[in-house]
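>>> What follows is a predicted structure for the sequence shown.
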Amino acid sequence: MSDSAKPSRSHAASSQRLKMRRELAAAAMELFATKGYEATTVDEIAAMAGVARRTFFRHFRAKEEAIFPDHDDTLVRAQAVLEAAPAHENPLDTVCRGIKEVMRMYAASPKGSVERYKLTREVPALREREIASVARYERLFTRYLLGHFDEEAHRDGVSEFDEPLLAEVAASAVVTAHNHVLRRWLRNGGVGDVETQLDHAFAIVRKTFGTGFGANRLAPPGERGAVPAAGTTRAGEVLVTVARTDAPLGDIMRTIEQALR
């Protein structure tokens with residue numbers, strides 16, 4: 001088999017797997033809605049989907065997983081966004097783009113997403129499964145942000161021992177903002193410009209947590225150093241500071257402090 005045929009077969013297998021997972025999820029959703037979650041068995045879900053019990057367990061470990069068929073693939077797509085991030089992009093912006101893959105998953109099927117949301121509100125086991133899925137995204141984004149602290153980010157009493165805390169808080173803020181907008185959209189029946197709402201929420205997160213991560217990555221590699229974040233000029237007792245509009249406030253303050261010394 002040629003090398004070009006291998007990716008094609010792999011893609012086909014992945015598509016078939018996702019198709020089967022979605023069919024099982026649709027069967028589970030229908031049975032949960034009509035019979036109730038507790039009264040529905042795995043055998044009934046498999047039978048409604050037209051497959052054997054063992055096929056169900058090749059795709060899901062338990063029935064509470066069956067209504068979340070896309071999270072595994074969405075997590076992979078979110079990770080791909082992180083891995084392909086431009087070198088000059090602020091890491092927090094990258095994380096915001098990564099979590100948008102989750103919103104796109106829900107927005108691809110508004111009606112089904114609304115029904116699933118209502119069901120998870122009613123069944124504790126499904127709500128716990130949803131919480132576990134959210135935690136996977138938070139861990140992914142925390143690891144990414146932790147790997148993108150700038151050497152100059154240790155300021156205002158922040159030490160290297162605080163980095164895990166700051167990364168986790170920032171990642172949690174991004175996910176929380178996303179989930180807040182998502183839940184509001186779902187409660188509204190899955191209608192409205194959810195992308196614009198999400199961008200507004202992310203702007204608030206970036207304003208609050210956007211400094212300290214990759215401070216030297218604000219300009220493309222070839223331009224770094226050509227336009228400093230801030231510069232100062234002394235004229236007698238007067239200190240004049242000129243800064244880029246995208247320069248982090250911490251960088252500006254350090255430049256002024258160094259000049260005053």
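Great, that's in hand.
>>> Return the residues in contact with the closest residue to residue 63 other than its chain neighbours.
Setting aside the residues directly before and after it, residue 63 is nearest to residue 42 in space (CB to CB, 6 or more residues apart in numbering), at 5.3 Å. Any C-beta I mention is one placed from the backbone N, CA and C, and that applies to glycine too. By CB atoms under 8 Å, 6 or more residues apart in numbering, the contact set of residue 42 is 53, 56, 57, 62, 63.
>>> Break the chain down into its domains, please.
Structural domains annotated on the chain: 1-64, 70-212, 225-260, as defined by automatic domain parsing.
>>> Out of the ones you listed, which is the most enclosed?
Compared across the domains of the chain, domain 70-212 shows the largest average neighbour count, a mean of 17 (mean count of other CB atoms under 10 Å).
>>> so for that domain, what's the average pLDDT?
On average, the pLDDT along domain 70-212 is 87.
>>> do you know how far the residue nearest to residue 63 is from residue 54?
Going from residue 42 to residue 54 by CB to CB, to the nearest Å gives 10 Å.
>>> Please apply the same query to residue 162.
With CB to CB as the criterion, residue 162 and residue 54 are 49 Å apart.
>>> One more: residue 109?
Distance of residue 109 to residue 54, computed by CB to CB: 27 Å.
>>> next one: residue 47
Remark: distance between residue 47 and residue 54 (CB to CB) = 13 Å.
>>> quick one: contacts for residue 18?
Applying CB under 8 Å, 6+ apart to residue 18 gives the contacts 69, 70, 73.
>>> For the host helix or strand of it, give the mean pLDDT please.
Using DSSP states H and E, residue 18 sits within helix 5-35. Averaged across helix 5-35, the pLDDT comes to 81.
>>> Can you tell me the closest non-neighbouring residue to residue 195?
Distances taken as CB to CB, 6+ apart place residue 103 nearest to residue 195, at 7.4 Å, with adjacent residues excluded.
>>> Run a quick check on the one you found versus residue 198, I expect a contact.
Yes. If you go by CB atoms under 8 Å, residue 103 and residue 198 touch, sitting 5.9 Å apart.
>>> residues shared between the contacts of these two?
Joint contacts of residue 103 and residue 198 (CB under 8 Å, 6+ apart) are 178, 181.
>>> ends of stretch 33-41, how far apart?
The separation between the terminal residues of stretch 33-41, taken as CA to CA, to the nearest Å, is 13 Å.
>>> How far off centre is it?
Per CA atoms, centre = their mean, to the nearest Å, the displacement of stretch 33-41 from the mean C-alpha position of its chain is 31 Å.
>>> So which residues make contact with it?
Applying CB under 8 Å, 6+ apart, the set of residues contacting stretch 33-41 from outside is 28, 31, 32, 44, 63, 115, 119, 122, 123, 125, 126.
>>> In helices only, show me those residues.
Under the assignment DSSP state H, the contacts of stretch 33-41 contribute 28, 31, 32, 44, 115, 119, 122, 125, 126 to helices.
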